[in-house]
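> the amino acid sequence is not available; the structure is as follows:
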């Protein structure tokens with residue numbers, strides 16, 4: 001979670017962080033948890049990680065395209 005702390009440090013108050021990811025991934029390059037989650041669960045996990053930072057507000061949209 002150190003990465004999230006650094007993002008929070010460098011973002012201006014009210015600044016936006018846009019996170020995007022696809023369903024395509026290369027198994028040797030992802031964490032074990034990612035392989036075991038369904039796509040909607042991945043979105044929930046990322047949202048939960050962001051919400052663990054007290055001052056972050058999360059808005060998301062889902063495009064299953």
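Perfect, I can see it now. Predicted model only: the values in this text are computed from it and were never measured.

> next, count neighbours for residue 21.
When counting by other Cβ atoms under 10 Å, one arrives at 11 neighbours for residue 21. (Glycine included, C-beta is placed from N, CA and C.)

> which residues in the protein form helices?
2-10, 32-36, 39-51 (DSSP state H).

> and the shortest one, what does it pack against?
With contacts taken as 3 or more Cβ pairs under 8 Å, 6 or more residues apart in numbering; DSSP states H and E, helix 32-36 sits against no other helix or strand.

> from the chain's centre, how far out does that helix sit?
Between the centre of helix 32-36 and the centre of its host chain there is 14 Å, according to Cα atoms, centre = their mean, to the nearest Å.

> chain neighbours aside, what residue packs nearest to the residue nearest to the spatial centre of the chain?
Ranked by distance to the mean C-alpha position of the chain (Cα atoms, centre = their mean), the top residue is residue 46 at 3.2 Å. Distances taken as Cβ to Cβ, 6 or more residues apart in numbering place residue 19 nearest to residue 46, at 6.1 Å, with adjacent residues excluded.

> quick one, phi psi at that neighbour?
As for residue 19, its main-chain torsions (degrees, to the nearest 10) stand at phi -110, psi 130.

> measure it to residue 28 for me?
The gap separating residue 19 from residue 28 is 22 Å, by Cβ to Cβ, to the nearest Å.
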